[in-house]
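Q: Below are the sequence and a predicted model for it; my questions follow.
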Amino acid sequence: MTAKPIRYDCSRCPGYCCSYPRIEVKDADLRRLAKHFSLTVEEAGRKFTRFYDDDGTPERILRHRKDTVYGSICRFFDTTERRCTVYAARPAVCRQYPNGSRCGYYEFIQFERKHQDDPDFIPSA
Ligand code: SF4
Ligand code: SF4
């Protein structure tokens, strides 16, 4: 089966998916991040992650930093360049997103840019 062409361009997006509050970090993701930064898994866990728990099953997620566009965004996001700083070591969930050839947010932002006649317009999500 031929892969569908990718219909989104992350370089033209301010990184909306990186602003999701819950970006899961599995054990393998944490080991990859620890290796990338030459830290122990425990150090990387403390420094880069925290636990989210809304149903008694704690989930390890990425810590955030402040962001002028979305208010808050992944701590690994470069808020000036608008890109991931750990691309090679990013968690699996970041690699999988948006799980297909299309990104709903990208289509939304392109639609708004066209209608505002402004190629750099950033609508509030
Ligand atoms: S929201 Fe879509 S277009 Fe924007 S960075 Fe994420 S995957 Fe790329
Ligand atoms: S690790 Fe990179 S791709 Fe994943 S949310 Fe953070 S900045 Fe985005």
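A: That came in fine, so what should we check first? Ligands and ions are numbered 1, 2, ... in the order given.
Q: residues from this structure in reach of ligand 1?
A: Residues of the chain lying close to ligand 1 by C-beta under 6 Å from any ligand atom are 8, 10, 13, 15-17, 97-98, 103, 105-106. No exception for glycine: its C-beta is placed from N, CA and C like everyone else's.
Q: isn't there a helix covering I109?
A: Yes - applying DSSP: H, G, I helix; E, B strand; the rest coil, one finds I109 inside a helix.
Q: Do you have the strands of this structure handy? List them.
A: 49-52, 59-62, 64-67, 71-74, 77-78, 83-84 (DSSP state E).
Q: E24 is nearest to which of the ones you listed?
A: strand 59-62 (5.9 Å; C-beta to C-beta).
Q: mind listing what's buried in that closest one?
A: 60-62 (16 or more other C-beta atoms under 10 Å).
Q: Keep only those that also lie close to ligand 2.
A: Checking the buried residues of strand 59-62 against ligand 2 (C-beta under 6 Å from any ligand atom), the matches are L62.
Q: which one among the buried residues of strand 59-62 gets closest to ligand 1?
A: Closest approach between the buried residues of strand 59-62 and ligand 1, by C-beta to the nearest ligand atom: L62, at 14.4 Å.
Q: Let me know whether that closest one touches T49 as I believe.
A: Yes - between L62 and T49 there is a contact under C-beta atoms under 8 Å: 6.0 Å.
Q: Show me whatever sits in contact with both of these two.
A: V25 (C-beta atoms under 8 Å, 6 or more residues apart in numbering).
Q: still on that earlier bit, reformat the residues of the chain next to ligand 1 as JSON lines; add neighbour count, distance to R82 and pLDDT.
A: As requested, the residues of the chain next to ligand 1 are exported to JSON lines (neighbours: other C-beta atoms under 10 Å; distance: C-beta to C-beta, whole Å; pLDDT from 0 to 100):
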{"residue": "Y8", "neighbour count": "18", "distance to R82": "15", "pLDDT": "96"}
{"residue": "C10", "neighbour count": "18", "distance to R82": "9", "pLDDT": "96"}
{"residue": "C13", "neighbour count": "18", "distance to R82": "8", "pLDDT": "96"}
{"residue": "G15", "neighbour count": "20", "distance to R82": "5", "pLDDT": "97"}
{"residue": "Y16", "neighbour count": "19", "distance to R82": "10", "pLDDT": "96"}
{"residue": "C17", "neighbour count": "17", "distance to R82": "12", "pLDDT": "97"}
{"residue": "Y97", "neighbour count": "16", "distance to R82": "16", "pLDDT": "97"}
{"residue": "P98", "neighbour count": "14", "distance to R82": "17", "pLDDT": "96"}
{"residue": "C103", "neighbour count": "21", "distance to R82": "15", "pLDDT": "97"}
{"residue": "Y105", "neighbour count": "17", "distance to R82": "14", "pLDDT": "95"}
{"residue": "Y106", "neighbour count": "19", "distance to R82": "14", "pLDDT": "96"}
